[in-house]
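Structure of the sequence below:
(chains A, B and C)
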Amino acid sequence: MLQQQQQQPLTGNGPSSNGRGLGMSGHPGMHALNSVHQASQHRSDGGGGGGGGGDSSGLEGGTENGHETRRDIGDILQQIMTITDQSLDEAQAKKHALNCHRMKPALFSVLCEIKEKTGLSMRNAQEDEPQDPQLVRLDNMLLAEGVAGPEKGGGAAAAVSAATSSGGMSPDSSLEHSDYKSKLSQIRSIYHTELEKYEQACTEFTTHVMNLLREQSRTRPVTPREIERMVAIIHRKFSSIQTQLKQSTCEAVMILRSRFLDARRKRRNFSKQATEVLNEYFYSHLSNPYPSEEAKEELAKQCGITVSQVSNWFGNKRIRYKKNIGKFQEEANLYAMKTALGARQGDDSPHTPNSTGSGSFSLSGSADLFLGVPPVNGEQSTYQMGMQANGNWHGRNSPPSGASPHSDHSDNSD
DNA sequence: GACGATGATTAGGC
DNA sequence: GCCTAATCATCGTC
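Purely as a prediction, here's the structure:
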């Protein structure tokens, strides 16, 4: 591509040996060339002339006639066009002569102008493209994940907090957090190293090309705008490579994240003590096992789990209890006796949630527990189990949100 | 590995 | 937003 452009000014107008250089009068640029001639005349008049080779002697007169002028320009163009057909030494000498020609700057600027008008203007419209939306998305994601931008643990912290707030995080999963963070840090490190490499390579290559173009600008028209355009092309190419890097990084982060979230999904049984606390509350409020928000918080605190885990537990417990009351009978008895014993001793069980300060709930009354004591004959009464015959819990056809356990006790009295 | 227990998730109802 | 019910997925025991 570069080569093509390098050759374009010399060969683009047709074979240099067929004399078409003179035929350029039909070319739109010839009007410009004529004006150049006039400009050069102006300059030579003011500059005192002289210094020109024999070729330019005819121009000294300046105002004599346009015919001679045209022939002079034609000669120069002819020389330029045939320069490639000559031997290296000849061409070198001719090049030097042309470079020293007093019309060279004017001719050069006109060639630049022609090139600008014919070539670049057509391409510019296509090149002004907006920023790639995909790249924007990737950038945003990398920023959100804490891979790009300043390192402050954003992504990792976000993922961890998201996981924690959803209620699945146990204290011993901190190992997973650090693992996640260290892996994310690795990804970040690799990403930045590669990005730096790309940027360095891009800068080096851009500098190289710019130097090359500047060098060539002595022998062919290379406008600053063309150099800019070339730099933009290089940047676009490198940008596409960077996009690939960003895409790969995003994929790596997504995989890491999904693994982390999968790990979070892993079920861990609650501690024995936690289950005891939850069961005690459940069986002591068997007529209305719907802990209020405060009660849930208190239970969560005591069990070392989250409120949503408490909710899940009670949800599961209610369903499973209702589905198979017989199976839970023994468990109910156990907790009934346990709590009844504690109540009789007037002493709070170590596992019993108390109501100190928060006023959340109390197990001082064991009325519900006795509802759970099975009949001697082994049959069970849904009423006794705290449930109505229709399968709903006693006094709770439609569970109100935020029902207080305290109100349970008023229900229990019946 | 089979199986029951159990915590988490999801859909649908209110 | 909380609930039930069904289901999934894992744990623990045999």
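
Can you name the residues of the stretch 301-414 of chain A that neighbour DNA strand B?
Taking C-beta under 7 Å from any atom of the strand as the measure of proximity, the stretch 301-414 of chain A contacts DNA strand B at A:308, A:309, A:312, A:313, A:315, A:316, A:320, A:327, A:398. Any C-beta I mention is one placed from the backbone N, CA and C, and that applies to glycine too.

now the fifth one: how far from residue A:275?
Counting by C-beta to C-beta, to the nearest Å, the gap from residue A:315 to residue A:275 is 15 Å.

Neighbour count for those two, which is higher?
The neighbour comparison of residue A:315 against residue A:275 (other C-beta atoms under 10 Å) goes to residue A:275, with 14 against 10.

Quick check: the more buried one vs residue A:311, distance?
Separation of residue A:275 from residue A:311 (C-beta to C-beta): 15 Å.

And for residue A:285?
To residue A:311, residue A:285 is 15 Å away according to C-beta to C-beta.

Residue A:321 too?
Counting by C-beta to C-beta, the gap from residue A:321 to residue A:311 is 16 Å.

do the same with residue A:79
Distance from residue A:79 to residue A:311, counting by C-beta to C-beta: 92 Å.

for the stretch 101-250 of chain A, what spans make up the helices?
A:104-115, A:121-127, A:133-144, A:154-165, A:174-216, A:224-265 (DSSP state H, counting those that start in this stretch).

what bits of the stretch 201-350 of chain A have low per-residue confidence?
For the stretch 201-350 of chain A, the stretches with pLDDT under 70 are A:255-266, A:343-350.

Okay, domains of chain A per the record?
Chain A resolves into domains spanning A:87-123, A:133-150+A:171-265, A:272-342 when parsed by the TED database.

could those domains be laid out in TSV, adding distance to residue A:75?
As requested, the domains of chain A are exported to TSV (distance: least, C-beta to C-beta, whole Å):
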stretch	distance to residue A:75
domain A:87-123	10
domain A:133-150+A:171-265	19
domain A:272-342	91
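
Just say which of those is most tucked in.
When you average the neighbours per residue for each of the domains of chain A (mean count of other C-beta atoms under 10 Å), domain A:272-342 leads with a mean of 19.

what's the span of that one from first residue to last?
End-to-end span of domain A:272-342 (C-alpha to C-alpha, to the nearest Å): 19 Å.

Can that domain be said to contact DNA strand C?
Yes. Using C-beta under 7 Å from any atom of the strand, domain A:272-342 reaches DNA strand C at A:290, A:293, A:311, A:314, A:315, A:316, A:318, A:319, A:322.

and the nearest residue to the third one once chain neighbours are set aside, what does it touch?
Going back to what we said before, that points to residue A:311. Closest residue to residue A:311 apart from its sequence neighbours, by C-beta to C-beta, 6 or more residues apart in numbering: residue A:296 at 6.3 Å. Taking C-beta atoms under 8 Å, 6 or more residues apart in numbering, we find residue A:296 in contact with A:307, A:310, A:311, A:314.

Repeat that for residue A:99.
Counted by C-beta under 8 Å, 6+ apart, residue A:99 has contacts residue A:218.

quick one: what helix or strand has it in it?
helix A:88-100 (DSSP states H and E).

what's the distance between residue A:78 and DNA strand B?
80 Å (C-beta to the nearest atom of the strand, to the nearest Å).

element containing that residue?
Per DSSP H and E: helix A:66-82 holds residue A:78.

Pull out the buried residues from that helix.
Within helix A:66-82, the residues scored as buried using 16 or more other C-beta atoms under 10 Å are A:69, A:70, A:72, A:73, A:74, A:76, A:77, A:78, A:79, A:80, A:81, A:82.

could those be laid out in TSV, adding pLDDT and distance to DNA strand C?
As requested, the buried residues of helix A:66-82 are arranged in TSV below (pLDDT from 0 to 100; distance: C-beta to the nearest atom of the strand, whole Å):
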residue	pLDDT	distance to DNA strand C
A:69	66	86
A:70	68	85
A:72	71	87
A:73	71	82
A:74	76	84
A:76	72	81
A:77	73	78
A:78	78	82
A:79	76	81
A:80	71	76
A:81	75	76
A:82	79	79
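
what's the closest of those residues to residue A:337?
residue A:80 (111.5 Å; C-beta to C-beta).

looking at it, that closest one is touching residue A:98, isn't it?
Yes. If you go by C-beta atoms under 8 Å, residue A:80 and residue A:98 touch, sitting 6.7 Å apart.

overlap in contacts of those two?
Shared contacts of residue A:80 and residue A:98 (C-beta under 8 Å, 6+ apart): none.

And whatever residue of the stretch 201-350 of chain A ends up closest to DNA strand C, how close does it get to residue A:281?
Using C-beta to the nearest atom of the strand, residue A:315 is the residue of the stretch 201-350 of chain A that sits closest to DNA strand C, at 3.8 Å. Distance, residue A:315 to residue A:281, by C-beta to C-beta: 14 Å.

Secondary structure element for the residue nearest to residue A:311, which one?
Going by DSSP H and E, residue A:296 is in helix A:293-303.

Check residue A:89 and give its pLDDT.
Note for residue A:89: predicted pLDDT of 82.

Does residue A:269 belong to a helix, a strand or coil?
What DSSP: H, G, I helix; E, B strand; the rest coil gives for residue A:269 is coil.

Counting neighbours, what do you get for it?
Neighbour count of residue A:269, defined by other C-beta under 10 Å: 7.

I figured residue A:280 hits residue A:335, correct?
Yes. If you go by C-beta under 8 Å, residue A:280 and residue A:335 touch, sitting 5.6 Å apart.
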